[in-house]
Every structure is written in C-alpha cells, then in structure tokens.
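Engineer: take this sequence and fold it.
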Amino acid sequence: MKPCIRCGRLLPLDRFYDHPRMADRHLNKCKECCVEYARHRRIDAPDVVRDNDWRRSRNSRRRQWKSFFERLQRQRFPEKYRARTAVGNAVRDGRLQRQPCTVCGYEQVEAHHPDYDNPLHVVWLCRDHHRMVHTAALSV
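Structural biologist: The predicted structure follows:
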C-alpha cells in the first residue's frame, strides 16, 4: 500500500506506474491522477505537448516498434488495410471527397467503414465521434 501524493488515497502498488528511480520502484502519483494530469496538460499547454510528442516520435526505438506494430496489424486485419488503402487512393485520385463530420460538422475527419467489404462506402467522422462509434457510444 502506498499513498498518492496528489489525491492522498492509500492504494495498492499495482495502482501506481513503475518508476525505476523511486525507492519503492513506483511513481508517487496513482495511475488515475497521472491520467487526469496528462489530460489537463494537453488542454493547458498544447504547443509544449505537441513538441514533446513530435520529439518522442523521432526516437528510433519508437519508430521500430510502430513499424512492427503496423505490420502486425496489417497481417491480423488484411480487410481493414485494404479498405483504408482504397479510401486513401480514392481521395488522392479525386474519386472520393472528404466531407465534414456527419454528427458535428467538424472539418478534420476520418473515414469510418461500416462494412469493410464495401471499402469506398464510408461515413466521415471527426476523431471524437469516430472513437464513440467504436466504443458503441454512438451509432451511425
């Protein structure tokens, strides 16, 4: 058991992230407080966070991991890969036009495939609404 320095709750060690420099090898903030801090940090200082994300993405180990993970996903879900590629090619060639989010009208959108067997039949959704569709909080 360990107290969180942010919320003050006494929690088991599995509720804290590992941290090799701490005496007990666990961070002093609980996972919930870390997530809340990160969420607020992205809102309060978006430029700093964006720069940090960009710098982190240049790390060779992260690039190798991303490449490996993407290759694995293509092997596990070839129908999704084919559908995404078809949409990307159709947008590039002008056969398919991006539309505003069908829910809120936001301009920065992602293509949602209700059926991967029909790859060019997409619903254009902003990132937030696309996530909601995949978590079953929204239906389109």
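
Engineer: so Arg6 sits against Glu32, correct?
Structural biologist: No - with contact defined as C-beta atoms under 8 Å, Arg6 does not count as touching Glu32 (9.0 Å). Every C-beta, even on glycine, is put in place using the N, C-alpha and C of the backbone.

Engineer: now do the residue of the chain most remote from its centre against Lys2, distance only.
Structural biologist: In the chain, the residue that sits farthest from the middle, by C-alpha atoms, centre = their mean, is Ala23; the gap is 31.9 Å. Computed with C-beta to C-beta, to the nearest Å, the distance linking Ala23 and Lys2 is 11 Å.

Engineer: residues in contact with the top strand by length along the chain?
Structural biologist: Secondary structure of the chain per DSSP state E: the longest strand is strand 26-30. The contact list for strand 26-30 (C-beta atoms under 8 Å, 6 or more residues apart in numbering) reads 2, 4-7, 9, 11, 13, 15-19, 22, 34, 37.

Engineer: let's see if you can find the most crowded of the residues you listed.
Structural biologist: Neighbour counts for the contacts of strand 26-30 (other C-beta atoms under 10 Å) peak at Phe16, which has 21 neighbours.

Engineer: distance of the closest residue in space to it that isn't next to it in sequence from Leu120?
Structural biologist: With C-beta to C-beta, 6 or more residues apart in numbering as the criterion, Phe16 has its nearest non-adjacent residue at 4.1 Å, and that residue is His26. Going from His26 to Leu120 by C-beta to C-beta gives 49 Å.
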